[in-house]
Every structure is written in structure tokens, then in C-alpha cells.
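> I would like to see how this sequence folds:
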Amino acid sequence: MGGSPISSRDVKRYYDDNSHIRSSTNASQVFKEQYMRNEFNPAKIKLPREACDSSFTPNSKGIILAEDFTGSMDSFLHSLIKDDFPRLIKQIYDIGSFDPHIMFMGVGDVAAGDKAPLQVTQFEADLRMLEQLQKLYVEHGGGGNNYESYILPWYFAGKHIKMDCWDKRKEKGFLFTFGDEEPTPKLTAHQIKEVFGDNDELETSFITAEDCLEMASEKFNCYHIILPGYYRSHYEEDTINPWRELMGGHVCDLSDHTYLPELVSTILKMYEGISKTDAIAQIQGSEAKKVVSDALKWHEENIEISDNSSAEANMEVF
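Just a heads-up that it's a prediction; the model follows:
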């Protein structure tokens with residue numbers, strides 16, 4: 001998928017034409033679907049999701065934004081689509097050194113029995129990305145197990161995605177998961193079949209979070225951004241420590257979700273050869289600089305850029 005690249009004027013026009021988003025006061029006024037559409041259901045998708053070069057986007061790069069869609073995230077979801085994602089899309093396109101193809105994912109809780117534990121849009125470079133985002137089903141699910149199914153996007157990215165940036169240029173895409181709870185410890189064979197329709201025989205009855213991260217990391221630079229939701233606010237160490245053990249410096253503890261665009265664009269800039277210090281210096285506003293700097297406190301200062309201009313980041317930071 002793809003299309004011609006959008007501009008900030010295109011995004012503004014989209015929100016002007018969909019004025020109900022701007023005037024909305026909660027997520028339910030924006031996300032009106034009452035069920036998960038088959039087109040976004042991984043178990044119903046027969047072909048890989050593709051981020052491919054085109055005459056409009058000859059230097060495509062796949063970027064996945066996977067957001068927690070459970071009940072505790074309602075206020076964040078509303079802010080994300082109303083305010084944060086328009087700014088984020090603009091800042092990603094303003095980088096200018098690659099052609100973004102953006103996919104959105106909605107993450108639920110398969111262990112709690114959610115009907116829509118994972119939803120995936122197409123990779124798009126035009127306004128269809130926002131049209132599809134609005135068609136995702138917000139189940140308001142989740143359970144009392146202290147985690148949501150954040151590793152489902154990793155499994156899908158590792159097994160069901162094709163990208164020209166990787167296949168042609170050996171440049172990784174980017175996968176950002178957002179949420180306020182602990183990492184999912186594992187996926188059972190039953191859950192994998194239920195969510196993805198995969199019938200592959202597993203050597204064991206489950207695969208771990210480490211297994212899923214390793215699968216996704218072959219083609220993606222994976223990051224988890226901890227949002228200041230209920231669980232993170234009440235169980236700080238229980239949230240942060242498991243993520244740090246799992247992902248090292250690729251965990252960002254974001255104290256103010258309104259600066260999500262600045263954080264994501266700063267990370268992307270570091271993979272384009274800009275040091276962390278210089279990338280943060282480019283952020284507008286002292287408060288935004290501080291929040292992003294704090295969120296990246298575990299991240300290495302510089303990312304080594306390989307000869308073919310793709311980046312490899314060290315997952316361990318000490």
C-alpha cells in the first residue's frame with residue numbers, strides 16, 4: 001500500500017472536513033465502530049501488510065504506531081487522534097530523509113478474553129492512514145492481570161509484514177508501542193491461533209516476550225513508550241523495571257503524553273545521524289525539551305549508522 005505523500009495542509013484539511021473530531025469530548029465520539037472489521041483482523045488477513053516503494057515514495061520506510069485500546073486508555077486515545085497524531089504525522093514528514101508509510105494498531109488484552117486483542121491497518125502514505133485509524137474498534141477491554149497484549153504487534157511485525165526498506169536496502173522500519181502497564185510475559189499457542197489464525201507448530205506450548213521482540217527486531221527498531229496512565233501512576237517500579245529488563249534503552253517513560261510527537265520524531269532523527277543532544281535541542285519549548293530528555297534518559301547518546309545508511313541500535317544500555 002502507500003499512495004502519494006501527505007502534507008501538513010492535507011492533514012489540516014482532513015480535520016476541517018471531519019470537524020466532529022475537533023469538537024469531540026471523548027473517544028467514543030470519534031471511534032464509533034461497534035465491532036472489529038475483518039479488514040483489520042489479523043486472523044482474516046491473508047496477505048502480508050506491505051510498505052513498498054512507489055514513484056511517489058521511492059524511499060519508503062514502514063512505521064507502526066501501536067496504541068493500547070483498553071479501558072484505562074480512553075482519555076489518551078481521544079487526545080492522540082484529536083491533537084497528538086496530527087502533530088506527529090507532520091513532524092515525521094518534516095524529517096524529510098525518507099518516505100514514511102504509517103500503520104496504526106489497536107492493542108487489547110488477549111489473556112483477558114478481549115474480542116479485538118489486535119487490529120492492524122494498512123501501511124499508508126496518504127490520508128487513508130487517518131481514515132482507517134477512525135475505523136478501529138475501541139473495545140474498552142482489558143483485565144486485572146497487570147499487563148496488556150503489547151507483544152502481539154511484535155509477533156505480527158515479525159511474521160506478517162513485508163517492507164522494501166528492509167528487503168531492498170536492509171534499513172529497519174520502526175515499531176512504537178504505547179501503554180501504561182507491564183509487558184506481556186508470553187503468548188500461548190492457542191492465543192496465537194486465535195489472534196492470527198496461524199497454525200504453525202510451536203516447539204513449546206507458548207512463546208515468550210523475548211521471542212516476539214527478537215522476531216520483530218529483525219526488521220524493526222522497536223520502542224515502548226510508557227504513558228502516565230493509572231497503572232504506571234500507581235505502580236511505577238512494577239511497570240518500568242520489567243520493560244527495562246526486556247528492552248534496555250528502548251523504553252521511554254513519558255511523563256506528559258502531549259509530547260509524544262516530539263519524542264517519536266526525536267528518536268527517528270537519531271537514526272538519521274543526529275545525536276540525541278542535537279535532536280533534543282531542535283525541539284521547540286523548554287518544557288518539551290525536558291520531558292523528552294527525561295523520557296530518553298536510558299537511551300544511548302549516539303546511534304551508529306552503518307555504511308548503507310541504515311541504523312543499528314544497541315538494545316542493552318548500562
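
> all strands of this structure, in order?
Secondary structure of the chain (DSSP state E): strands at 49-51, 60-68, 99-107, 118-120, 161-163, 173-179, 186-188, 206-208, 220-226, 251-253.

> Dump the ones you listed into a markdown table; add mean neighbour count as well.
For every residue, glycine as well, the C-beta is placed using N, CA and C. Formatted as a markdown table, the strands of the chain follow (neighbours: other C-beta atoms under 10 Å):
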| stretch | mean neighbour count |
| --- | --- |
| strand 49-51 | 23 |
| strand 60-68 | 26 |
| strand 99-107 | 26 |
| strand 118-120 | 25 |
| strand 161-163 | 21 |
| strand 173-179 | 26 |
| strand 186-188 | 19 |
| strand 206-208 | 16 |
| strand 220-226 | 23 |
| strand 251-253 | 23 |
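
> For these, could you give me JSON lines that also reports mean pLDDT?
What follows is the strands of the chain, written out as JSON lines (pLDDT from 0 to 100):
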{"stretch": "strand 49-51", "mean pLDDT": "97"}
{"stretch": "strand 60-68", "mean pLDDT": "97"}
{"stretch": "strand 99-107", "mean pLDDT": "96"}
{"stretch": "strand 118-120", "mean pLDDT": "98"}
{"stretch": "strand 161-163", "mean pLDDT": "98"}
{"stretch": "strand 173-179", "mean pLDDT": "97"}
{"stretch": "strand 186-188", "mean pLDDT": "95"}
{"stretch": "strand 206-208", "mean pLDDT": "94"}
{"stretch": "strand 220-226", "mean pLDDT": "98"}
{"stretch": "strand 251-253", "mean pLDDT": "98"}
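
> Out of the ones you listed, which is closest to Val291?
strand 251-253 (10.2 Å; C-beta to C-beta).

> who does that closest one pair up with?
Counting by DSSP bridges, the strands paired with strand 251-253 are strand 220-226 (parallel).

> Where does the prediction get shaky in the stretch 201-318 of the chain?
Scanning the stretch 201-318 of the chain with the threshold set as pLDDT under 70 gives 201-203, 304-318.

> coming back round to it: output the strands of the chain as a markdown table; include the columns distance to Arg22.
Below are the strands of the chain laid out as a markdown table (distance: least, C-beta to C-beta, whole Å):
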| stretch | distance to Arg22 |
| --- | --- |
| strand 49-51 | 29 |
| strand 60-68 | 19 |
| strand 99-107 | 19 |
| strand 118-120 | 24 |
| strand 161-163 | 32 |
| strand 173-179 | 22 |
| strand 186-188 | 38 |
| strand 206-208 | 42 |
| strand 220-226 | 25 |
| strand 251-253 | 28 |
